[in-house]
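In: requesting a structural model of the entry that follows:
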Amino acid sequence: MDTVRTLGLNKQAENLVEERHKLQLYINLKLASSGQPTCLSDREAEYLAITQDLLKSYREKNRLLTEHLCPPDRRVQDFLDSYLGDLPGETPPRLPANTFILDRHGVARELSLPLGADEFKSEIVSSYRIKQGVLHNPASDRRTTKGSLHVAEGGLPIPGDKKAVPKLS
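Out: Numbering: from 1, shown residues only. Below you'll find the predicted structure:
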């Protein structure tokens, strides 16, 4: 495992602006390879246009693999199928096949704020880029779900602080 690329361990200090730009290009390449819209400048979009045939081939190969879930996802999907399979008139939900995998150090941090911004504010949360990463400051911080979380019966044991509700049938 490449600990520098994957975990960011023992990473030498680089030009942060250039490093973020490379990470943004990487994110946009991943988005384009999965058929999602990108956020590119005109020059970068021109470069990506050259790779369209390669990306279409990659996307088609991934589409063919969407029916084959990894073992943990297969177990979750099997549980959903068996647990929710007896509901009248509905098919059990399917796990998403085309997901964005955070496979490099810094990808989640870069996606936490809008492109080119160092802060984001809404009525729910205020987020700021800081040296160590991104600070998310929620408007109201409730650290308990006691009495407010409902769990459907029929699966794993339900903790005493949760409300058990019958599964619809």
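In: please work out which residues outside stretch 110-123 touch it.
Out: 20, 23, 24, 27, 39, 126, 127, 128, 129, 134, 136, 139 (Cβ atoms under 8 Å, 6 or more residues apart in numbering). The way it works is simple: take the backbone N, C-alpha and C, and place the C-beta from them, glycine included.
In: now that stretch: average pLDDT?
Out: Across stretch 110-123, pLDDT averages out at 92.
In: before we move on, the earlier item: so of the contacts of stretch 110-123, which ones are in strands?
Out: 126, 127, 128, 129, 134, 136 (DSSP state E).
In: isn't the second one up against residue 133?
Out: Going back to what we said before, that points to residue 127. No. Using Cβ atoms under 8 Å, residue 127 is not in contact with residue 133, being 10.5 Å away.
In: and the ones in strands among the contacts of stretch 110-123, which two are the farthest apart?
Out: Within the ones in strands among the contacts of stretch 110-123, 126 and 129 form the most distant pair, 11.9 Å apart (Cβ to Cβ).
In: who has more neighbours, these two?
Out: Between residue 126 and residue 129, counting by other Cβ atoms under 10 Å, residue 129 is the more crowded of the two (17 against 14).
In: so how far is the helix or strand hosting residue 76 off the chain centroid?
Out: Following DSSP states H and E, the helix or strand that holds residue 76 is helix 71-84. Relative to the chain's own centre, helix 71-84 is displaced by 20 Å; criterion: Cα atoms, centre = their mean, to the nearest Å.
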